[in-house]
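Undergrad: whatever this is, show me its structure:
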Amino acid sequence: MEILSLMIIKAESHKAIEGIKLSRNSPAISHLLYADDALLCFRLSPTSCESLRDILSSFSHMSGQMINHQKSYVKFSPNTPEDFREFVINILKVPSRQNFGLYLGAPIDLGRKKTSAFQFLLDKISTKILSWGASTFSQAAKILLINSILMASIAHVASILRYLAYYENLQKDQLFN
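TA: Predicted structure coming up:
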């Protein structure tokens, strides 16, 4: 993955790819890598799409690692024109999604409507409570299940969100210092 990172950095230095900025004075971010997962962020242009395709193809050929097109996708900025979306999808051969989904059981990209982002958690809790209500467990056992399992689920999601908020604030502090 270090080689892939260097290939992307080289493309950036040659202006073939331009990363995105979180604010005007922040450094551009073009890629985040974790183990064999990659998050690639760049300004949309025909040149950048073709460069990225060539980089990924070269990296796959050199390393023997293949892109899993079933797990890969692209997320566009809301103001991206439809013709550019189709162009990118055709070049990169990956589908488009509206959101990033879940990371460790918590939604990654929360929009303005946070209630709908956590509806899955409410549905999960309701389903569990209903299934336990029909069981032959004693009332004390049902309360124990609710307190231990359901509260742990909520605490897990809350801790992930707290971590993401902490990390986001840490990045902001580093950008302005």
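Undergrad: let me see the contact set for the residue lying closest to Ile8 once chain neighbours are set aside.
TA: Once flanking residues are discounted, Ile8 sits nearest to His31: 5.0 Å by C-beta to C-beta, 6 or more residues apart in numbering. (Each C-beta comes from the backbone N, C-alpha and C, glycine too.) With C-beta atoms under 8 Å, 6 or more residues apart in numbering as the criterion, the residues that contact His31 are Leu4, Ser5, Ile8, Gly19, Ala38, Leu39, Leu40, Cys41.
Undergrad: among those, which ones are in strands?
TA: Within those, membership in strands is found for Ala38, Leu39, Leu40, as judged by DSSP state E.
Undergrad: burial measure for the closest residue in space to the second one that isn't next to it in sequence, as a count.
TA: So the one you mean is Leu39. In this structure, Leu39 finds its nearest non-sequential neighbour in Leu32, 4.3 Å apart by C-beta to C-beta, 6+ apart. When neighbours are defined as other C-beta atoms under 10 Å, Leu32 has 11 of them.
Undergrad: quick check: phi and psi at Leu32.
TA: Main-chain dihedrals, Leu32, degrees, to the nearest 10: phi -130, psi 130.
Undergrad: Three-state assignment for the residue nearest in space to the middle of the chain, please.
TA: In the chain, the C-alpha closest to the average C-alpha coordinate belongs to Phe100, at a distance of 4.2 Å (C-alpha atoms, centre = their mean). Taking DSSP: H, G, I helix; E, B strand; the rest coil as the rule, one finds Phe100 in the coil state.
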